[in-house]
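> I need the structure of the sequence given here:
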Amino acid sequence: MFDTLKTVAATSLLALSSNAAFAETKVEFWHSFSGNSGEVLDGIVADFEAANPDINIDAQHIGNYNDIVTKLQAAIPARRAPDAVIMEVTRYGLFADRGVLTDLTDYLEADPLKDELFDFAREVGVYDGKNFIVPFNSSTPVLYVNTAIFADADMEDVPALTTFDEILSAAQQVQAKLGDQGISGIAAPGQFARWGLIMANESDLIDSVSGEILIDAPNTIEAYEWMASLVHEHGVASVDGVTKENNGRDAFLAGKVGMMMNSTGNYRRSKTALGDDLLVLPMPCNKTCAAPIGGAGIGILSTSAPEVKDAAYKFISYAAGAGSNAKWFAGTGYMPINKHTKDQPVAEEALKGEPGITVAIEQLSVARGRPRPPVVTWMRASEYDMWQAMALGQHDVAQTLKDFASQTRAEEARTN
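You can find the predicted model right below:
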């Protein structure tokens with residue numbers, strides 16, 4: 001009887017030990033990727049879980065970057081926040097400043113990954129001297145051209161598209177030749193592209209180093225005047241792309257727009273839609289060559305338990321590693337963030353015969369980070385309405401931007 005009890009006890013302890021060994025740590029992870037990008041992310045998550053059976057990544061598509069900010073702001077006071085979250089590179093400062101995000105500096109300093117990341121990738125995760133996100137998807141805007149539309153508009157040889165005037169001229173020719181067929185010359189630029197065009201005009205919205213608000217600077221006003229003129233003055237960009245930015249992208253993918261300026265993250269879907277008719281060019285160098293670094297990184301909520309934070313960081317490091325980053329780069333068109341990504345077979349294969357990707361990578365030499373203080377989140381959310389009023393010709397550009405700059409300075413003072 002005693003021996004039987006010992007056997008039962010030993011078996012029970014073994015079972016408990018086995019269950020403990022395979023107990024999962026669950027990490028709720030909010031992200032912004034759907035469609036093809038979502039499928040690639042799902043693959044990375046599955047690979048990680050296969051290598052780490054004790055960790056479950058509960059990856060949830062929440063919506064776009066704006067949706068994540070809005071829903072995170074609502075979830076925090078309700079104590080329904082996730083453990084890890086994708087945060088766009090200009091918006092996370094608001095949450096870092098309020099103590100919502102975990103300082104990842106010690107994690108990253110102890111991780112060999114820190115020496116593998118490109119300088120621009122490492123820099124975008126730093127706010128107030130500390131690391132709060134680790135980059136995952138990085139991008140710049142580029143100029144996409146449908147060469148079949150250009151050929152139909154008597155531009156078999158695509159003209160130079162390096163200045164605002166050259167782009168407008170080409171858009172006008174497309175509009176004049178094909179407008180009666182429902183084809184527009186250019187898609188109205190989305191916010192990411194607008195920021196790039198302002199940089200190309202040798203200005204910025206907020207200086208990334210000094211923090212000076214430049215919304216009402218002369219070169220910023222000039223850039224907005226040109227962008228708005230595409231819609232309300234020259235009629236080469238549809239108003240549909242102003243009221244809903246993705247409409248312009250979708251029209252380009254459907255073969256209804258001659259040009260669009262959009263993220264490199266749209267490369268794969270553009271290539272799939274247009275095939276050999278797709279041409280990728282750098283952003284224009286109107287007064288200077290410059291492009292904003294976009295994309296997002298993954299942060300960890302400060303409210304998560306220590307063991308969950310450890311598990312979340314393990315996933316973050318895996319996702320930014322060369323192998324995962326190569327799969328992400330090859331599958332989506334987002335830029336490499338890891339110095340060793342290009343040496344991975346899947347990345348090497350993706351680069352073969354893909355001049356569009358090469359153009360985007362080369363543009364990284366003139367790309368730079370954007371500001372990330374708390375006021376940027378407010379400024380970016382407010383800019384959409386300002387842009388719509390200017391692009392639709394409802395308000396004067398210069399006066400709108402002067403008022404917007406004053407409001408942004410007041411908001412900055414209020415939140416400091």
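> which SS state does Leu41 fall under?
Secondary structure state of Leu41, per DSSP: H, G, I helix; E, B strand; the rest coil, is helix.
> the residue lying closest to it once chain neighbours are set aside: neighbour count?
With Cβ to Cβ, 6 or more residues apart in numbering as the criterion, Leu41 has its nearest non-adjacent residue at 5.0 Å, and that residue is Phe33. All C-beta spots, glycine's among them, are computed from the backbone N, C-alpha and C. Phe33 sits with 23 neighbouring residues when counted by other Cβ atoms under 10 Å.
> okay, Phe33: pLDDT?
Here the pLDDT value assigned to Phe33 is 95.
> show the contacting residues for it.
Val40, Leu41, His61, Ile86, Asn137 (Cβ atoms under 8 Å, 6 or more residues apart in numbering).
> ok, the first one - contacts?
I take that to be Val40. Counted by Cβ under 8 Å, 6+ apart, Val40 has contacts Phe33, Lys327, Trp328, Gly331, Thr332.
> how many other residues sit next to the nearest residue to it once chain neighbours are set aside?
The shortest distance from Val40 to any non-neighbouring residue, by Cβ to Cβ, 6+ apart, is to Gly331 (3.8 Å). Counted by other Cβ under 10 Å, the residues lying close to Gly331 total 18.
> also Thr140?
Quick note: Thr140 (other Cβ under 10 Å) scores 26 neighbours.
> let me know the pLDDT of it.
So Thr140 comes in at 93 (pLDDT).
> which residues touch His340?
By Cβ under 8 Å, 6+ apart, the neighbours of His340 are Glu116, Ala322.
> walk me through the domains of this structure.
25-138+294-364, 141-292+373-415 (automatic domain parsing).
> is it true that Glu412 touches Ile206?
No: with contacts counted by Cβ atoms under 8 Å, Glu412 stays clear of Ile206, the gap being 9.1 Å.
> stretch 244-262: which residues count as buried?
245, 247-253, 256-262 (16 or more other Cβ atoms under 10 Å).
> rewinding a little: which ones among the contacts of Val40 are found in helices?
Lys327, Trp328, Gly331, Thr332 (DSSP state H).
> confidence score at the closest residue to Lys177 other than its chain neighbours?
Nearest non-adjacent residue to Lys177, counting by Cβ to Cβ, 6+ apart: Ala153, 4.1 Å away. Looking at Ala153, its pLDDT is 98.
> residues in contact with Ala153?
By Cβ under 8 Å, 6+ apart, the neighbours of Ala153 are Gln173, Val174, Ala176, Lys177, Leu178, Gly258.
> on that earlier part again, which of the contacts of Val40 sits closest to Ile183?
The closest of these to Ile183 turns out to be Thr332 (Cβ to Cβ; 27.5 Å).
> how deep is that closest one tucked in, by neighbour count?
Neighbour tally, Thr332, other Cβ under 10 Å: 24.
> any idea how far Ile44 is from it?
To Ile44, Thr332 is 11 Å away according to Cβ to Cβ, to the nearest Å.
> the stretch 201-350 of the chain: helices as residue ranges?
Secondary structure of the stretch 201-350 of the chain (DSSP state H, counting those that start in this stretch): helices at 218-232, 240-243, 245-253, 267-274, 306-320, 322-332, 345-351.
> in the shortest one, which residues are buried?
Yep, that's helix 240-243 we're talking about. Asp240, Gly241, Val242.
> just stretch 333-353 next, same as before
Gly333, Tyr334, Met335, Pro336, Ile337, Asn338, Thr341, Lys342, Gln344, Ala347, Ala350.
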